[in-house]
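what follows is a predicted structure for the sequence shown.
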Amino acid sequence: MRLVNGKKQDIGNQVDAVKEAVPLQMELYVEFAKLQKAYFDELVQAGFSESQALHIVSVQGPLANGQPSQ
């Protein structure tokens with residue numbers, strides 16, 4: 001344990017929590033990448049150029065649901 005602003009903090013527990021979260025986070029990245037690729041492919045199939053589709057996916061992402069980015 002260490003003292004931070006007068007309070008004891010168990011850094012070990014925090015490190016363990018991060019280590020436990022990493023595999024799930026990596027799994028989420030894989031699924032999100034698949035979603036982005038599918039969105040890109042559908043945009044191209046709908047008639048957008050690859051450049052336009054890449055821009056849309058990059059700016060809006062697949063979770064925009066057709067809403068303009070802010």
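Noted; the coordinates are in hand. Numbers count the residues shown, from 1 in each chain.

measure residue 24 to residue 33 for me?
15 Å (CB to CB, to the nearest Å). For glycine as for every other residue, the C-beta is placed from the backbone atoms N, C-alpha and C.

next structured bit after the helix ranked longest in the chain?
Using DSSP state H, we find that the single longest helix of the chain is helix 11-45. Following helix 11-45 in sequence order, the next helix or strand is helix 50-59 (DSSP states H and E).

just want the angle from that following helix to helix 11-45.
On the basis of axes from the mean of the first three to the mean of the last three CA atoms, to 10 degrees, helix 50-59 is oriented at 150 degrees to helix 11-45.

and helix 50-59, what's buried?
53, 56, 57 (16 or more other CB atoms under 10 Å).

quick check, the second one in contact with residue 46.
No: because the distance of 10.3 Å does not satisfy CB atoms under 8 Å, residue 56 is recorded as not touching residue 46.

hang on, the earlier thing: residue 10: which of the buried residues of helix 50-59 is nearest?
Among these, residue 57 lies closest to residue 10 (CB to CB), at 41.5 Å.

which non-adjacent residue is nearest the closest one?
Once flanking residues are discounted, residue 57 sits nearest to residue 40: 4.9 Å by CB to CB, 6 or more residues apart in numbering.

the one you found and residue 52 touch, don't they?
No: assessed by CB under 8 Å, residue 40 is found out of contact with residue 52, at 10.3 Å.

tell me, what's touching those two both at once?
Shared contacts of residue 40 and residue 52 (CB atoms under 8 Å, 6 or more residues apart in numbering): none.

from the chain's centroid, how far away is the longest helix of the chain?
How far helix 11-45 lies from its chain's middle: 6 Å, per CA atoms, centre = their mean, to the nearest Å.

that one packs against which elements?
Packing partners of helix 11-45 (3 or more CB pairs under 8 Å, 6 or more residues apart in numbering; DSSP states H and E): helix 50-59.

neighbouring contacts of the helix it packs on?
Contact with helix 50-59 is made by 36, 39, 40, 43, 44, 48, 69, as judged by CB under 8 Å, 6+ apart.
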